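Undergrad: pasted the sequence and its predicted model underneath.
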Amino acid sequence: MSFILIPLALGFLGSFHCVGMCGPIALALPIGRWNKMDKIAGIVVYNFGRVATYGLIGLLFGAIGRGFSMIGLQQTISIILGVCTIAIVLMPTSATARLDAITQHIPYLPMVKRNITLLFKRKTFWSLGLIGMLNGLLPCGFVYMALAGAMASGTSVSGAMFMMLFGLGTIPAMFLIAFSSQLFPIDVRSKIRKAVPVFMFMIGAILIVRGMNLGVPYMSPKFDDKGQIKKSCCQRHIS
């Protein structure tokens, strides 16, 4: 259950925090003169384009996590990711702003932005889906945190599922912002944004606990030397 709730909650809270990056794109979607049903369909296509990209990236990072698992490092990586997540929460605002500025110099970013601009001119469902897919490549601290969870999941499939659930969690806020920014007043977004650091700290703590090999099913499973989850006596009996 935690595997489902964590990425969904992370995506939902993160969507309010990251509205500065993705919000302008969602608000500027070329659907202003479309009828209501086409507008809703266009926003859905755009958002599921983002989810598709998150799933593909999660597939890759889950595979990387699986590689660490096979050489017995998955738990160590999980602890490191958890510590880094908590460290980011405790960083002063100036330091996190500096990190955000660094991410804006990712080499592929100009190409992504240029292609998004070109796709805005086409005003078709296909272009909206492609805009969403490219939007999924934009730098975002919460996406990186979700990727940490995908890597800690230990398999490519679970990594893809984790990221897709994260993407689904972002849809309610991004959908309403794209449909009408007035549906989510600034004061409501501000209140939800205040819960973000607390949730980030919880995610970091969960990643650390997961890597501690405590033998707690789903939360902190025990791994054998081959990186496989050990079954408890009850699980062996059931299977």
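TA: Now that the structure is in, tell me what you want to look at.

Undergrad: point out where this structure drops to low pLDDT.
TA: Where the chain drops to pLDDT under 70, the residues are 1-3, 16-24, 72, 93-105, 179-193, 195, 213-239.

Undergrad: for the helix ranked longest in it, name the packing helices and strands.
TA: When the chain is scanned for its longest helix (criterion: DSSP state H), the result is helix 36-70. Packed against helix 36-70 by the contact rule (3 or more Cβ pairs under 8 Å, 6 or more residues apart in numbering; DSSP states H and E) you find helix 74-90, helix 125-135, helix 141-153, helix 156-179. The C-beta positions use only the backbone N, C-alpha and C, and glycine is treated the same way.

Undergrad: so which of those is nearest residue 206?
TA: Relative to residue 206, the nearest member of the helices and strands packed on helix 36-70 by Cβ to Cβ is helix 74-90, separated by 7.2 Å.

Undergrad: quick one: the longest helix of the chain to helix 74-90, angle?
TA: When axes from the mean of the first three to the mean of the last three Cα atoms, to 10 degrees is applied, the directions of helix 36-70 and helix 74-90 differ by 130 degrees.

Undergrad: buried residues in helix 36-70, which are they?
TA: Residues of helix 36-70 classed as buried under the neighbour-count rule (16 or more other Cβ atoms under 10 Å) are 39, 42-55, 57-63, 65-69.

Undergrad: from residue 36, how far off is residue 51?
TA: Applying Cβ to Cβ, to the nearest Å, the value for residue 51 to residue 36 is 23 Å.

Undergrad: go on, residue 154?
TA: According to Cβ to Cβ, residue 154 stands 44 Å off from residue 36.

Undergrad: what of residue 73?
TA: From residue 73 across to residue 36, the span is 52 Å (Cβ to Cβ).

Undergrad: repeat for residue 206
TA: Here the criterion is Cβ to Cβ. By it, residue 206 lies 41 Å from residue 36.

Undergrad: same deal with residue 75?
TA: According to Cβ to Cβ, residue 75 stands 50 Å off from residue 36.

Undergrad: cool, residue 199 as well?
TA: 34 Å.

Undergrad: pretty sure residue 29 contacts residue 43?
TA: Yes: here residue 29 reaches residue 43: they are 7.0 Å apart, a contact under Cβ atoms under 8 Å.

Undergrad: surely residue 30 is within a helix?
TA: No: going by DSSP: H, G, I helix; E, B strand; the rest coil, the assignment for residue 30 is coil, not a helix.

Undergrad: OK, contacts around it?
TA: For residue 30, the contacting residues are 120, 121, 122, 123, 127, by Cβ atoms under 8 Å, 6 or more residues apart in numbering.
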